[in-house]
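>>> A predicted structure for the sequence below; I have some questions about it.
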Amino acid sequence: MNLPNKLTILRIIMILPFLLVLYLDVPYASYIALAIFILASLTDLLDGKIARKRHLITDFGKFADPLADKMLVTAAMLWFVDIGQMPGWALLIVIIREFAVSGLRMVASDKGRVIAAGWSGKVKTASTMVCIVLMFLPIGELLNTVCVAVIVVTTLYSGVEYFMKNRDMLKDM
């Protein structure tokens, strides 16, 4: 197994200590969880960079890398919903978008087409991760609300863009 794929697996494994620290409420839990989240997020940047530079792009990586991102982000957002820092409807929008885009990609794949990550999807991922980092800090209610709004708006925009650019995939349905 190549290094980028190992980093993806490491990111998935890091979700367990991330959540354990939060739910077991160890001293400085939010800061330890934040450090774990940042490290896990950095493995995403690193594995992508290494895979492209060394031409180590694999089918496993194409599948597991975005899945690992979704798992990490969803875990953090579930925590924020659980502690009342994020409304459940905001997380629901994120989850629905992820299922819808994944479904669109499966339909496209059945038709022999690959839908690559678009620019808006990358912006959504980056802004969501930055907002999650900020939300672990004592940033105040207003900035927290702004972060939730950024997550929701970028999620909706990128989801609509995926469907608009690939609406021909849905014509035969």
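Happy to help now that I have it.
>>> any stretches of the protein with poor pLDDT?
172-173 (pLDDT under 70).
>>> if you set the cut-off to 90 instead, what comes out?
Along the chain, segments meeting pLDDT under 90 span 1-5, 25, 44-67, 102, 105-119, 121-122, 125, 167-173.
>>> that one: strands as residue ranges?
Ranges of strands within the chain: none, based on DSSP state E.
>>> do a quick rundown of the helices in it.
For the chain, the helices defined by DSSP state H cover 3-23, 29-53, 59-82, 88-110, 119-135, 141-165.
>>> could you pull up the contacting residues of residue 120?
Neighbouring residues of residue 120 by CB atoms under 8 Å, 6 or more residues apart in numbering: 154, 157-158, 161-162. All C-beta spots, glycine's among them, are computed from the backbone N, C-alpha and C.
>>> next one: residue 69
Residues near residue 69 by CB under 8 Å, 6+ apart: 11, 44, 125.
>>> count of neighbours near the second one?
This points to residue 44. Around residue 44 there are 20 other residues, counting by other CB atoms under 10 Å.
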